[in-house]
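In: below is the sequence, then the predicted model.
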Amino acid sequence: MQPMKISSRPGNGRPSKHTDLSTLFGAFFILIVIPACFTAVAPRTTVELQRDASGVSVEACMHTLLFVPYYCQRAQGVTKVELEVHAGERVGYDSQRSAYENQLHRRGTTEANAIIYFVGSGEGADVMIDLGDMEDVQAQAQRFIDAKQGDAQSFVFYAHNAGFYVGAFMTLLSLLFLPLMGLAVVRRVIDRPYWPFDRF
C-alpha cells in the first residue's frame, strides 16, 4: 500500500485565495514598488521651455520608471539658467591611513552631483542633472532664452550617467507584473493554477 499524500492546500491541492493575494502582493512589491523607488532616486527628467508674449516659462518633470511623472515644477518669467555642483565628500576618511587602508575599511568619497536652476519669478525650478550633460543643457537653454525667438525647446536628461540603463532594466522588470496579473485573472476565471509550483 502506497502512503497517502497529504496536501496542506485547501481545495484539492489548489492554492487558497489568501495564498493568491499574498503572492500577488509580493510580486507587486518586488516588480513595481522597488523599481519605482529606485528609479525615483535617479530619475529621468524632461524640461519644456515655452515662449509667449509674457516671456519664457518652464515645466520640469521628474519621472520614475522612465515615463511616469511623479513631481513637476512650473515657473514663469525665466531669465537665467544656473548650475550648482556639489563635489564629492570624504566619508569616514582617516588622513592617518593610506589610500589602500581607507579603501579596505570602505572609506572614500561620495559621488559628485549637480543641480540645474531655471531662475524666474517666484521660486523657479530646479532638477538634478548628470555632470556630463549639465554644461550643454545650460548653454542651449540660455541660448533659447536670450535669442528672443522660437516657441519652444525640450530637453531630456538623467540625474546620473547610468540612469538610462538602470531605468530601462527596472522598467522592463516592472512590465513583468502585467502578464502576472493577466495570469491571475485567467486563474480566477477557469480555476486553474497560474504559478508553476501550484501544480505540485
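Out: Alright, I've got the coordinates. Residues are numbered from 1 along each chain as shown.

In: mind checking the SS state of the residue nearest the centre of the chain?
Out: Using CA atoms, centre = their mean, the residue of the chain that lies closest to the mean C-alpha position is T39, 1.8 Å off. When classified by DSSP: H, G, I helix; E, B strand; the rest coil, T39 comes out as helix.

In: surely D133 touches F157?
Out: Yes. Taking contacts as CB atoms under 8 Å, D133 lies within contact range of F157: 4.7 Å. The C-beta positions use only the backbone N, C-alpha and C, and glycine is treated the same way.

In: between the two, who's got more neighbours?
Out: F157 (22 against 18; other CB atoms under 10 Å).

In: so what pLDDT did the more buried one get?
Out: Here, the pLDDT recorded for F157 equals 94.

In: which ones are touching it?
Out: R44, T45, V47, I129, D130, D133, V137 (CB atoms under 8 Å, 6 or more residues apart in numbering).

In: try it again at 7 Å.
Out: T45, I129, D130, D133, V137 (CB atoms under 7 Å, 6 or more residues apart in numbering).

In: helix, strand, or coil at it?
Out: Under three-state DSSP, F157 falls in the strand class.

In: kindly state the beta-bridge partners for it.
Out: T45 (DSSP bridges).

In: ok, R74 next?
Out: The partner residues for R74, given DSSP bridges, come to E59.
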